[in-house]
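Asks: please find the sequence and the predicted model below.
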Amino acid sequence: MAQLGLDAEQSYAQAARRVVAARTGELFAHLDGLLDIDRPERVHKMRVATRRLRAGLEVFAICFPRKQLAVVLDELKRLAAVLGERRDCDVQVALLSTLRANAGRSERQAIDLLLDELHAEQLGANRRLAAAVEHATTAKLERRLRKLAQ
């Protein structure tokens with residue numbers, strides 16, 4: 001827990017603030033390149049960061065105003081859902097691309113059809129992810145999370 005700046009001398013509330021501040025920073029550090037379909041690791045990392053932040057907020061829930069906590073948790077759940085949708089497409093595209101490399105001609109044609117459909121789903125998921133990021137930005141999610149960590 002040293003990476004989060006935690007030690008046994010801190011109060012529970014101090015630990016809560018440090019965890020939320022650190023996890024908020026991790027989450028928003030992954031925005032750059034998030035919508036680049038050729039860089040799916042960004043989505044995966046942001047999705048993991050979202051889960052870690054939610055877990056921290058839930059563990060330390062007693063330290064935060066109930067209404068403010070509920071609002072940010074709801075926002076994080078929405079963001080996590082669209083990150084998951086896009087991540088599912090990314091994983092399926094990667095798997096089919098690997099299978100395609102080792103497939104025969106007729107199998108490649110069938111895989112290509114599936115890949116075309118998945119790419120369309122991936123683009124749709126990416127549009128929904130862009131909208132969710134825009135919503136989180138306009139809703140000032142990062143600012144509200146940092147305020148909780150103060």
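Replies: Alright, I've got the coordinates. Numbers count the residues shown, from 1 in each chain.

Asks: give me the element the most centrally placed residue in the chain is part of.
Replies: Geometric centre of the chain, nearest residue: Arg47, 2.4 Å, by CA atoms, centre = their mean. Per DSSP states H and E: Arg47 is located in helix 40-59.

Asks: buried residues, that helix. List them.
Replies: 40, 42-47, 49-51, 53-54, 56-57 (16 or more other CB atoms under 10 Å). Every C-beta, even on glycine, is put in place using the N, C-alpha and C of the backbone.

Asks: so what touches it?
Replies: Defining contact as CB atoms under 8 Å, 6 or more residues apart in numbering, one finds that helix 40-59 is touched by 16, 19-20, 23-24, 26-27, 29-34, 36, 64, 69, 72-73, 76-77, 79-80, 83-84, 86-87, 90-91, 93-94, 129, 145, 148.

Asks: filter these to the buried ones?
Replies: Buried, going by 16+ other CB under 10 Å: 16, 19-20, 23-24, 26-27, 30, 34, 64, 69, 72-73, 76, 79-80, 83-84, 86-87, 90, 93, 129, 145, 148, out of those.

Asks: packing partners for the longest helix seen in the chain?
Replies: Of all segments of type helix in the chain, defined using DSSP state H, the longest is helix 66-101. In this structure, helix 66-101 makes packing contacts with helix 40-59, helix 105-138, helix 141-148, judged by 3 or more CB pairs under 8 Å, 6 or more residues apart in numbering; DSSP states H and E.

Asks: distance from that helix to the middle of the chain?
Replies: Averaging C-alpha positions (CA atoms, centre = their mean, to the nearest Å) puts helix 66-101 6 Å from its chain's average.

Asks: now stretch 92-108: mean pLDDT?
Replies: Summarised as a single mean, pLDDT over stretch 92-108 is 94.
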